[in-house]
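Asker: structure of the sequence below:
(chains A and B)
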Amino acid sequence: MSVPTDYDLSLRDVLKFFPPSTTAVKDVSLDVGPGTFTVLLGLSGSGKSTLLRLLNGLHTPTEGEVRVLGTDVAQAGRSELRRLRRDIGMVFQQFHLVGSMSTLENVCTGALGSLRGPRVGLFSYPKSVRQRALEQLERVGLADHRFQRADTLSGGQQQRVAVARALVQRPRILLADEPVASLDPESSNQVMSLIARIAREDSLTVVCSLHQVELALQWGDRVFGLRHGELVLDDSSCNITHERAMSIYGNSAVLPAAAGAGAAATSGAAL
Amino acid sequence: MAVQTDERPQTTPTPDAGSGAGTAAASSDGRTLPKPSPRGITVAVVLGLFLAGGIWSVIDLRINFASLMDSWANTQNFMGRALPLDFPAWDELLRGTLTTLSIVLLATLLAVLISIPCALMAARTTCRSAALRTSSRVFIVIMRAIPELILALFFLRIYGFGAGAIAGILALGLHSVGMLGKMYADAIEDHDDGPRQAQETAGAKRIQQIFGSVMPGITPAVIAHALHRFDINLRASVILGWVGVAGLGADLRAAQGVGNYPRLLALGLIVLLLCILVEIISGRLRMKLLGRAEPSRFGVLWAWQKLRSRWSGERLETRPSLGSRTIPPWDGARIARFSHIGLTLALILASVVYIEWSALLALLASWTDADVSSWEVFTGEFHVAAFFTGLVDLPEESQRWFPPHDGDIQSTIFAQILVTIQIALAATFLGALLALPVGALAARNVAPRPGLAQFFRMVIVVTRGVPELILALLLIIIMGLGAVAGTLALALGAMGLLSKLVADSIEDTDVRIQDALVTGGAGRAQVFFAATMRQSAPAVVSHVLYQLDVNFRSATLLGIVGAGGIGYQLEMARRTLQWEVVTYILICVVAVVLLIEAVSVFMRRLMR
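Answerer: Next up, the predicted model:
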């Protein structure tokens, strides 16, 4: 099943259709090389979330092929998919922490994929996992809040806990679905720079969906623009002007997908 | 009258709101009232039928002032014979109380243990297989449809009359799955699915997801519903005493059987106190276990707290330096939380030991060769081994119950079922009649003065605290056997619950609309009918229909103690060991239960 490739992620003519009548993603082909900070840019409903969920097998493509870390996601069996998901961390717009659990235990749940059997309470996690979780909490600057209930934290703090949870998996790829859409500008900035810093330190491949052009150009090495499920922009962020990025929202003609769709790992963008 | 206000908003806009604009025919076709829609007509007709049924039942059952006045003399007479109260010896009382509490605790525990997996299989978010979901839902509905009484009768037959405890546990436990399973499934589906998704994304297995995010998420709901069910089961277990379930109910029946009123009244008082005590404790536990839940403003606990001075200021936690700890330190809050969990477990264990006392003694004796016959002070009647031998008897026992037979009293059975329906209708009607004003006045946004709202809330707390069974027993003695006593007891019970629901749904209404009308110069009554009542009407009507469902079940149960209706026939058939007749009656009862439920589900859909 596993075939070595140069790309961490590669999509070929992917189409995702939701019955009865929604085509969320249409004929998308793209490749992302290791260590790239990629941004999916588009309005809500443009297919960003679906695309992200295709990458970790939460959705299976109706047509086309999704290859992640060399594995064909649609063909992967249960345990293979589970193994693949361990290598892919994910951060969500709504944080998705268990509010009644302590911050540290929430971070520990990130390691469930590599543990056997159900876990209830911090005691039930091996000490090594707890320590790893604590290290990640320290990295996101929330170690002092480790025994606090997760729902007592602010939005920005919760998102940082969620990042720590994703890191406990020791992922190779980090998916972020609108990670700052529910945050105020200051927390947004904090969370985005945290993700960028960690991506650099751990040389993670990041796929982050955003709807603000400014953030996309500021943080992304490479930007994919989506409109109505179609890929309308694919370029290195330093080649994209603000106007060009804005045009994917407008009524102007669909921009042709950039020619060098295969030219993967891009130049070090403005960070 | 009261229910009329409910249905009026369904058909036409309230006159209070529309009359100002309707003076001149301004629009093109001149119509100022909408054409009645088929849906509106259906709702009005069905509600009208229920209303008519309620009034007819009240008249037909001869519930009127004359008969109430007649019983006044009886009351004095009864009080003369019932006082002074005769409390049983303390060990006898303790045995009854502990048996009842153990049965209820273990039944609720059994229900929770069955309900959680059922709910996990029934909820969309935790179960992918549609077939499994449907079958789990069907199981839950069936458990709800079969009254606990029927289950109790069945298990008593299997395990013999000595096994009053286990029959009670199984009957109450299984029937409770009908409510808890549904509540838990709803809780799972209503709960945010995000954390589970996040864990799925991280590669967690389904079972890990369930324990890692679904269970922690719904634990508060699990505990809250279980404690609520504990209250309900306590009341039900006492009634089941009439068919042979052990505990205080059995003692009450014995007292009623020989007409020992001082004893009956004393035991009734004990049950009443127990119900109130249980509500206080369960409210306390709920708050401790859930951390920061506010007690219901209609519970005994709330009233208790109101009477006491205000809660002392929140404890500020000082965090010691945590170092590299990955297990939280034992601070006060953590110790308290764990000690409550420990206390609950200890209580459960104690109940098991208590119910299984004699079995444990026997086990001990077989090891030590001691003579235990003299030890058995508190005799638990059931042995674990008997549970399994009982299961072996199941097929044979089932044969005795089939085929159902009407016992050549079919017309009596149907007549009595009709009486039971009448009791339910009349009780719901009277209860709603009382509940609408009481509930409205207990709502803070309607009551003219806060003091008045508080007074009516107290009224609701007191009414809800009194078990229907105790009321029914008193009324039976005062007014004689029959439907009037049952109806009035259920009406008061219905009033308690409905007022709370009415007050809650009125307080849930959107206050801005009320404000808008006040700004427009509307009076207090106009605002109430045009805005408040209009908004809460659908919720209130569905609560009333639900109450009808509850009342029919309760009326069947209360019939056993002599409060009129089919329950009495059931008890007769049971006493004469005509099990086919029991089955026949049970089928009829379940059919009516399902019918009422179907109607109320249909109505709720129409009114949504």
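
Asker: can you name the residue of the stretch 101-250 of chain A nearest chain B?
Answerer: A:Gly113 (2.5 Å; C-beta to the nearest C-beta). (Glycine included, C-beta is placed from N, CA and C.)

Asker: contact partners for the nearest residue to A:Thr71 once chain neighbours are set aside?
Answerer: Distances taken as C-beta to C-beta, 6 or more residues apart in numbering or on different chains put A:Leu84 closest to A:Thr71, at 5.2 Å, once the chain neighbours are dropped. Under the criterion of C-beta atoms under 8 Å, 6 or more residues apart in numbering or on different chains, the contact partners of A:Leu84 comprise A:56-57, A:68-69, A:71, A:73, A:76, B:203.

Asker: check those for burial and list the buried ones.
Answerer: Among the contacts of A:Leu84, those buried by neighbour count (16 or more other C-beta atoms under 10 Å in any protein chain shown) are A:56-57, A:68-69, A:71, A:73, A:76, B:203.

Asker: between those residues, which is nearest A:Gln169?
Answerer: Ranked by distance to A:Gln169 (C-beta to C-beta), the buried ones among the contacts of A:Leu84 are led by B:Gly203 at 7.3 Å.

Asker: so that closest one makes contact with A:Glu80?
Answerer: No. With contacts counted by C-beta atoms under 8 Å, B:Gly203 stays clear of A:Glu80, the gap being 10.7 Å.

Asker: related to what we said a few turns ago, which element is the residue nearest to A:Thr71 on?
Answerer: Assigned by DSSP states H and E, A:Leu84 falls within helix A:78-86.

Asker: and that helix, which residues are buried?
Answerer: Neighbour-count burial for helix A:78-86 [16+ other C-beta under 10 Å]: A:80-86.

Asker: how about stretch B:34-50?
Answerer: For stretch B:34-50, burial by neighbour count (16+ other C-beta under 10 Å) applies to B:40, B:43-44, B:46-47, B:50.

Asker: still on that earlier bit, quick one: which of the contacts of A:Leu84 is nearest to B:Gly259?
Answerer: Using C-beta to C-beta, B:Gly203 is the member of the contacts of A:Leu84 that lies nearest B:Gly259, at 70.0 Å.

Asker: residue 205: how many residues sit nearby?
Answerer: The chain I'm using is chain A. Neighbourhood size, A:Thr205 [other C-beta atoms under 10 Å in any protein chain shown]: 24.

Asker: oops, wrong one, chain B.
Answerer: Other residues near B:Lys205 come to 20 when the count uses other C-beta under 10 Å.

Asker: not counting sequence-adjacent ones, nearest residue to it?
Answerer: Distances taken as C-beta to C-beta, 6+ apart place A:Arg82 nearest to B:Lys205, at 7.1 Å, with adjacent residues excluded.

Asker: what residues are up against the one you found?
Answerer: Contact analysis of A:Arg82 by C-beta under 8 Å, 6+ apart lists A:113, B:203, B:205.

Asker: list the ones among the residues you listed that fall in strands.
Answerer: In strands, defined here by DSSP state E, there are no members of these.

Asker: B:Pro220 reaches A:Gly99, doesn't it?
Answerer: No. Between B:Pro220 and A:Gly99 there is no contact under C-beta under 8 Å: 10.2 Å.

Asker: restricting to C-alpha, output the helix or strand of chain A with the lowest mean pLDDT in PDB.
Answerer: Within chain A, no helix or strand scores below helix A:242-246, which has a mean of 81 by mean pLDDT, DSSP states H and E. The C-alpha trace of helix A:242-246 is given here as PDB (Å, rounded to 0.1, in the frame of the first residue of the first chain):
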ATOM      1  CA  HIS A 242      -3.000  41.100  -1.900                       C
ATOM      2  CA  GLU A 243      -5.300  41.900  -4.900                       C
ATOM      3  CA  ARG A 244      -4.600  38.600  -6.500                       C
ATOM      4  CA  ALA A 245      -5.500  36.800  -3.400                       C
ATOM      5  CA  MET A 246      -8.600  38.900  -2.900                       C
END
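
Asker: from the rest of the structure, what touches the helix or strand where B:Trp72 lies?
Answerer: Element membership for B:Trp72 (DSSP H and E) is helix B:65-82. By C-beta under 8 Å, 6+ apart, the residues outside helix B:65-82 that reach it are B:261-262, B:264-265, B:477-480, B:484.

Asker: check which helix or strand A:Leu97 maps to.
Answerer: For A:Leu97, there is no host helix or strand (DSSP H and E).

Asker: for it, give me its contacts.
Answerer: Contacts of A:Leu97 by C-beta under 8 Å, 6+ apart are A:106, A:150-151, A:158, A:161-162, A:165, B:195, B:198.

Asker: and these as a markdown table, adding neighbour count and distance to A:Gln218?
Answerer: Below are the contacts of A:Leu97 laid out as a markdown table (neighbours: other C-beta atoms under 10 Å in any protein chain shown; distance: C-beta to C-beta, whole Å):
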| residue | neighbour count | distance to A:Gln218 |
| --- | --- | --- |
| A:Asn106 | 33 | 29 |
| A:Ala150 | 24 | 29 |
| A:Asp151 | 12 | 30 |
| A:Gln158 | 25 | 23 |
| A:Val161 | 25 | 24 |
| A:Ala162 | 29 | 21 |
| A:Arg165 | 31 | 25 |
| B:Pro195 | 28 | 30 |
| B:Ala198 | 28 | 26 |
